[in-house]
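[1] Sharing a model prediction with you, sequence too.
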Amino acid sequence: MNTTTSDWVDDRPPHLGRALAWGALWFAWQVVRLPLLALLLALEPLVSLVLSIFGFLGIPVTIILKCSGDLPHFPFWGMMGFSIASILVLMAYEALIGLLAR
């Protein structure tokens, strides 16, 4: 394995065009990020309530309906998948809020 080291140090001032491009890119990101974060935070209580109800109450209701035998063609795996997907979507929603809040 060959490793090389360089004693060369770049003492030149940063390029103005590059600094302006990075500044414009940062500003564009803030213009997109902050309103999206505000919207997600405003909707967070409602989204959390609905997805929590679907996720955490859906699993026992699905098991009860499957075990009761009242519905002969009950879509057990579809309902279980929907309940688990609701929990995963809630986790992704919270992760997106955390990502945008940084």
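    Structure's in. What do you need?
[2] Spatially nearest residue to residue 62, not counting backbone neighbours?
    Leaving aside its chain neighbours, residue 62 sits nearest to residue 79 (4.3 Å; criterion: CB to CB, 6 or more residues apart in numbering). From N, CA and C alone the C-beta is placed, and that goes for glycine too.
[3] Tell me who's in contact with that neighbour.
    58, 61-62, 65 (CB atoms under 8 Å, 6 or more residues apart in numbering).
[4] repeat for residue 43
    Here residue 43 is in contact with no residues (criterion: CB under 8 Å, 6+ apart).
[5] now do the one 5 residues further on
    Contact criterion CB under 8 Å, 6+ apart gives 90, 93 as the residues in contact with residue 48.
[6] which SS state does residue 73 fall under?
    coil (DSSP: H, G, I helix; E, B strand; the rest coil).
[7] C-terminal to the helix or strand where residue 43 lies, what's the next element?
    Per DSSP states H and E: residue 43 is located in helix 16-52. Beyond helix 16-52 on the C-terminal side, the first helix or strand identified by DSSP H and E is helix 58-68.
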